[in-house]
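Visitor: let's see this in three dimensions:
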Amino acid sequence: MPKAFDYYEKLAERLIKADGKRDKAFEAYRDMYRNYWELPAGVPEYIIRTTDHSPHDAIQAGVRVLSSIFPKITVYPSDPSEDQKERANKIERLLKWHLMSADRRRPTGVVSDIVLSALLYAAVGAMVIDLDWQIDQAAGLNAETARMKALRRHSRFVVNTYYPGDLHVLRSSYGTEGVLLAQLRLASEVVAEWGDMAKKLNDLAKEGKVIEYYDWMDFEERVVWCKPEQGGPIKIVTPSKHELPFMPWVALMGGSTIESQEEDRYHPMLYPLYKTGAWSMMNTLKSFIYTDSILPMFKEEIAVEGLPEGQTVERDYLDPAKIMYVPPGGSARPLPRQPNDPAKMEAIEMLAADIERATVSRTLQGESVASGVSFAALNLHSQIAIGALKPGKELAEKALAELSALVLLWTSHTGKPLEGFGMNKKTDLGMEYVLPADEIEPDEIYISVELKPDNPTDAVQRANAGIMLNQIGYPKEYVLEMAGAEDPQKALEIYWLERLKEARVQNQIDHERLMMEMEHQQMMQEMTMAQDQQQMEAQQIAQQQQMEGPFVGGQGWNAAQGGMPPAMAFPEGTREEVQGEDSLGNALLGMEGL
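Guide: Next comes the predicted model:
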């Protein structure tokens, strides 16, 4: 049975009061990030206010390093079979699709906001809303749905991130038991969200009034009410059971449960600057030094002597020559400028070094590297600097993992399948994926998220480590996963397909090379056979000519044996043709055997 409304009203007051010191620290962190600082009371008005922006630069450097590369979402399969691995890979693609789709309606990405909150406050507050479910609920309450239907065109899920100071969490030894959202809102926004249930706020909405808005939710009940400037609370949702089997909140408040003081449970990056006052001291010291440096540029101190009573020295400071006009009888001279006190400059350098040690190295903030620094030294320095982001990095990873799990829990509860498309240009661009709602087991959702720092040397180190591990038998699938592959099984499949294509192409090349060699050998054989045939034909012709002429020979044409002279048988022949040899005694072609 739901508790009385007074119980939740007193609970809200108690939670807000308990978080008072925490909220004060949050405001200080926010002022540092926004570069907002005022001069201490009692400081002369002529002091030029100067604000050091290194806290903002440090936080932004961390956000840039951790959120530039989209996080790696890993869904653990229920068993190591190939089918379950493929199913897990499909869910990973769907979660990535919906997380990136939720960014389209936001000025900044979900990952960037969560990383910023983790680094700046050591706390993350976010809510995941299924617009399909929300539209059905709003329609039942006669609330406005046109805006939500327009937002639905971007994606099914809305991820709202909140300033952690507006969230107050009830904890137990088991974890988060309930979440209270307490913030100032326009009455018109509440009316647009809740419709007829907030009709008591219509007059305040028309006047543009700002009201206190309270929204409490635990695992069983929900209560929503408002407090205007005057009058008592206005109930929008009375204490009642909600139908969700889960809380759609990601509320990770505070990193340490050992500290007894609530504000000390939060150790964000700027915590040392807030507790020690180093940032305020840096601003004060800079303001005095800058004032001492700048004011003499516009008005120099002058020593005046011997002026008649009532006379003054005139000087036009807008004139580049800065000529002084001295009345007769007097003299004036500018006093030499005093250099900046080295002790003050040393104090600023010491404070700057303290702030850098407490936040992140200037290397991550884009500071140029000195010449002559080796790659190994730069890599080591970068890795150490990234290590300073580890607490915020781990908190943001946990928040993103819970956010991803909520997407699956919404899908299981509503019964509507989870649909999305592939985004990898090389493997599945445009491919549709569908996960039926009945295939999700709410008690068996195990998801982890890894934020990969935008550091090229880190990727090289992972690849080198994977290659060395593979050489001693480490599975390639594990190596690819360690190197950051989103789908190691698909990567291996593509790898073996490429190897198969390469083998086929190589076989075709070898076959064509063999055919060319065979054709060449056949051609050579044919040429040899042709030459042999020519020789045989030449021999046959020579033999025939020996027998028939015109080159006569033999005993019948030997005059010494009583035959006729060859010249009479071949009157037109030359001496060489008749004798069958040239003047040097070499046999003529075709007559070698005569």
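
Visitor: which strands or helices does the helix or strand residue 357 falls within pack on?
Guide: Residue 357 is located in helix 342-358, with elements delineated by DSSP states H and E. For helix 342-358, the helices and strands in contact under the criterion 3 or more C-beta pairs under 8 Å, 6 or more residues apart in numbering; DSSP states H and E are helix 54-67, helix 271-276, helix 278-298. Any C-beta I mention is one placed from the backbone N, CA and C, and that applies to glycine too.

Visitor: can you lay out those helices as JSON lines showing mean pLDDT?
Guide: What follows is the helices and strands packed on helix 342-358, written out as JSON lines (pLDDT from 0 to 100):
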{"stretch": "helix 54-67", "mean pLDDT": "89"}
{"stretch": "helix 271-276", "mean pLDDT": "90"}
{"stretch": "helix 278-298", "mean pLDDT": "81"}
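
Visitor: and the ones you listed, which is most packed in?
Guide: Each of the helices and strands packed on helix 342-358 was scored by mean neighbour count; the highest is helix 54-67, a mean of 22, by mean count of other C-beta atoms under 10 Å.

Visitor: check which element follows that helix along the chain.
Guide: Downstream of helix 54-67, the next assigned helix or strand under DSSP H and E is strand 72-75.

Visitor: quick one: average pLDDT of that following strand?
Guide: Per-residue pLDDT over strand 72-75 has a mean of 91.

Visitor: may I see the buried residues of the helix or strand following it?
Guide: As assigned by DSSP H and E, the chain's next helix or strand after strand 72-75 is helix 82-102. Of the residues in helix 82-102, 85, 87-102 count as buried by neighbour count, 16 or more other C-beta atoms under 10 Å.

Visitor: before we move on, what about stretch 8-26?
Guide: 8-9, 11-12, 15, 19, 22-23, 25-26.

Visitor: dump that stretch to CSV, keeping only the CA atoms.
Guide: Written as CSV, here are the backbone C-alpha positions of stretch 8-26 (Å, rounded to 0.1, in the frame of the first residue of the first chain):
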residue,chain,number,x,y,z
TYR,A,8,7.5,11.8,0.7
GLU,A,9,7.4,15.5,1.3
LYS,A,10,9.4,15.1,4.5
LEU,A,11,11.7,12.6,2.8
ALA,A,12,12.5,15.1,0.1
GLU,A,13,13.3,17.8,2.7
ARG,A,14,15.6,15.4,4.5
LEU,A,15,17.5,14.3,1.4
ILE,A,16,17.9,17.9,0.2
LYS,A,17,19.2,19.0,3.6
ALA,A,18,21.6,16.1,3.8
ASP,A,19,23.1,17.1,0.4
GLY,A,20,23.5,20.8,1.4
LYS,A,21,27.3,20.7,1.7
ARG,A,22,27.6,18.6,-1.4
ASP,A,23,25.5,21.0,-3.5
LYS,A,24,27.7,23.9,-2.3
ALA,A,25,30.7,22.1,-3.5
PHE,A,26,29.0,21.4,-6.8
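
Visitor: switch to numbering from 12
Guide: I'll keep to 12 as the first residue from here, and by that count the last item is stretch 19-37.

Visitor: just to revisit the earlier point, figure out which of the helices and strands packed on helix 353-369 is closest to residue 442.
Guide: With C-beta to C-beta as the criterion, residue 442 lies closest to helix 65-78 of the helices and strands packed on helix 353-369, at 26.5 Å.

Visitor: what angle separates the closest one from helix 289-309?
Guide: On the basis of axes from the mean of the first three to the mean of the last three C-alpha atoms, to 10 degrees, helix 65-78 is oriented at 120 degrees to helix 289-309.

Visitor: helix 65-78: how far from the chain's middle?
Guide: A distance of 13 Å separates the centroid of the chain from that of helix 65-78, by C-alpha atoms, centre = their mean, to the nearest Å.

Visitor: same check on stretch 126-137?
Guide: Counting by C-alpha atoms, centre = their mean, stretch 126-137 is centred 18 Å from the centre of its parent chain.

Visitor: do stretch 252-270 as well
Guide: The answer for stretch 252-270 is 27 Å, by C-alpha atoms, centre = their mean.

Visitor: buried ones in that stretch, by neighbour count?
Guide: For stretch 252-270, burial by neighbour count (16+ other C-beta under 10 Å) applies to 255, 258-266.

Visitor: what's that stretch in contact with?
Guide: Contacts of stretch 252-270 with the rest of the structure, by C-beta atoms under 8 Å, 6 or more residues apart in numbering, involve 13, 133-140, 175, 178, 180, 187, 189-190, 228-233, 273, 275-278, 402, 406, 409-410, 413-414, 417, 420-421, 424, 453.

Visitor: now swap in stretch 238-251 and tell me
Guide: Under C-beta under 8 Å, 6+ apart, the answer for stretch 238-251 is 13-16, 18-20, 198, 201, 205, 208-209, 211-212, 215, 220, 222-223, 225, 232-237.

Visitor: quick revisit: quick one, which of the helices and strands packed on helix 353-369 gets closest to residue 49.
Guide: Here helix 289-309 is closest among these (C-beta to C-beta), at 9.2 Å.

Visitor: and that closest one with helix 353-369, angle?
Guide: Inter-element angle recorded for helix 289-309 and helix 353-369: 140 degrees (by the same axes, to 10 degrees).

Visitor: how far does helix 289-309 sit from its chain's centre?
Guide: Relative to its chain's centre, helix 289-309 lies at 38 Å (C-alpha atoms, centre = their mean).

Visitor: could you say what helices and strands that helix packs with?
Guide: helix 353-369.

Visitor: quick one: the helix it packs on to chain centroid distance?
Guide: For helix 353-369, the distance to the chain centre is 33 Å (C-alpha atoms, centre = their mean).

Visitor: could you give the average pLDDT over it?
Guide: 76.

Visitor: also stretch 253-270?
Guide: The model assigns stretch 253-270 a mean pLDDT of 82.

Visitor: what does stretch 524-540 give?
Guide: Averaging pLDDT along stretch 524-540 gives 88.

Visitor: other SSEs contacting the one helix or strand residue 536 maps to?
Guide: In the assignment (DSSP H and E), residue 536 maps to helix 499-559. In terms of contacts (3+ C-beta pairs under 8 Å, 6+ apart), helix 499-559 is packed against helix 93-113, helix 487-493.

Visitor: now that helix against helix 93-113, angle please.
Guide: Interaxial angle, helix 499-559 versus helix 93-113 (the same axes, to 10 degrees): 110 degrees.

Visitor: okay, the helix holding residue 368 in PDB with CA atoms only?
Guide: This file holds the C-alpha atoms of helix 353-369, laid out as PDB (Å, rounded to 0.1, in the frame of the first residue of the first chain):
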ATOM      1  CA  PRO A 353      60.100  38.000  -8.800                       C
ATOM      2  CA  ALA A 354      58.600  36.500  -5.700                       C
ATOM      3  CA  LYS A 355      55.100  37.100  -7.000                       C
ATOM      4  CA  MET A 356      55.900  35.500 -10.300                       C
ATOM      5  CA  GLU A 357      57.400  32.500  -8.500                       C
ATOM      6  CA  ALA A 358      54.200  32.200  -6.400                       C
ATOM      7  CA  ILE A 359      52.100  32.100  -9.600                       C
ATOM      8  CA  GLU A 360      54.300  29.400 -11.100                       C
ATOM      9  CA  MET A 361      54.000  27.400  -7.900                       C
ATOM     10  CA  LEU A 362      50.200  27.700  -7.800                       C
ATOM     11  CA  ALA A 363      50.100  26.800 -11.500                       C
ATOM     12  CA  ALA A 364      52.100  23.600 -10.900                       C
ATOM     13  CA  ASP A 365      49.800  22.700  -8.000                       C
ATOM     14  CA  ILE A 366      46.800  23.100 -10.200                       C
ATOM     15  CA  GLU A 367      48.300  21.000 -13.000                       C
ATOM     16  CA  ARG A 368      49.200  18.200 -10.500                       C
ATOM     17  CA  ALA A 369      45.600  18.200  -9.200                       C
END
